[in-house]
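Engineer: Output the structure for:
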Amino acid sequence: MSTQRDRGLTEEAATTAIDQACRMLRLPTIRGQFPDLAEAASREQMSYRAFLAELLLAECDDRARRRSERRIKAAGFPREKSLRAFDYSVNPNIDVATINTLATCEWVRKSHPLCLIGDSGTGKSHLLIALGTEA
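Structural biologist: Predicted coordinates for the structure are as follows:
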């Protein structure tokens, strides 16, 4: 059983309806970015499909970002580290190419373990946290 919707909504009523629908459907990014994206779409004379694609891609990107943040938090790393912040000049024995290969996380997909061995203060913990964050 379907109901016919009135197509004669004012701009304000349409905005309110979109806001309520986004709440019900749990689409917080679309809800937050809709006014700005709608204005940009109007300025750039985007098609309806292009506008819809922009909205949906924004929601997908934001969900992926939040999912990644949740996983990093759930990993319980003792501190935040990244490969960009690692100073390779401190330990010239570390092969940058090897670290970049590890950063692709292929070893994780293949279920291979990773163990870094070395003296204290050589960057093992930093690299492990950074690689865990990448994964």
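Engineer: low pLDDT regions in the chain?
Structural biologist: Along the chain, the model assigns pLDDT under 70 to residues 1-7.
Engineer: Select the longest helix from it.
Structural biologist: Criterion DSSP state H: the longest helix present in the chain is helix 48-75.
Engineer: need the next SSE after that helix, C-terminal direction.
Structural biologist: Note on helix 48-75: by DSSP states H and E, the next helix or strand toward the C-terminus is helix 96-103.
Engineer: what's the offset of the following helix or strand past that following helix from the middle of its chain?
Structural biologist: Downstream of helix 96-103, the next assigned helix or strand under DSSP H and E is helix 106-109. Remark: helix 106-109 is offset 20 Å from the chain centroid, using C-alpha atoms, centre = their mean, to the nearest Å.
Engineer: what's the answer for stretch 128-135, then?
Structural biologist: Relative to the chain's own centre, stretch 128-135 is displaced by 15 Å; criterion: C-alpha atoms, centre = their mean.
Engineer: So for this protein, the centremost residue is which one?
Structural biologist: Arg65 (2.0 Å; C-alpha atoms, centre = their mean).
Engineer: Return the distance of that one relative to Thr98.
Structural biologist: 28 Å (C-beta to C-beta, to the nearest Å). Placement of C-beta: from N, CA and C, glycine included.
Engineer: Now do the longest helix of the chain: which elements does it pack against?
Structural biologist: The helices and strands touching helix 48-75, judged by 3 or more C-beta pairs under 8 Å, 6 or more residues apart in numbering; DSSP states H and E, are helix 28-43, helix 124-134.
Engineer: Pull out the buried positions in it.
Structural biologist: Neighbour counts over helix 48-75 (16 or more other C-beta atoms under 10 Å) mark Phe51, Glu54, Leu55, Ala58, Glu59, Asp62 as buried.
Engineer: Same check on stretch 118-132?
Structural biologist: Neighbour-count burial for stretch 118-132 [16+ other C-beta under 10 Å]: Gly123, Lys124, His126, Leu127, Ile129, Ala130, Leu131, Gly132.
Engineer: before we move on, the earlier item: tell me how far the longest helix of the chain lies from the chain's centre.
Structural biologist: Distance of helix 48-75 from the chain centroid (C-alpha atoms, centre = their mean) equals 6 Å.
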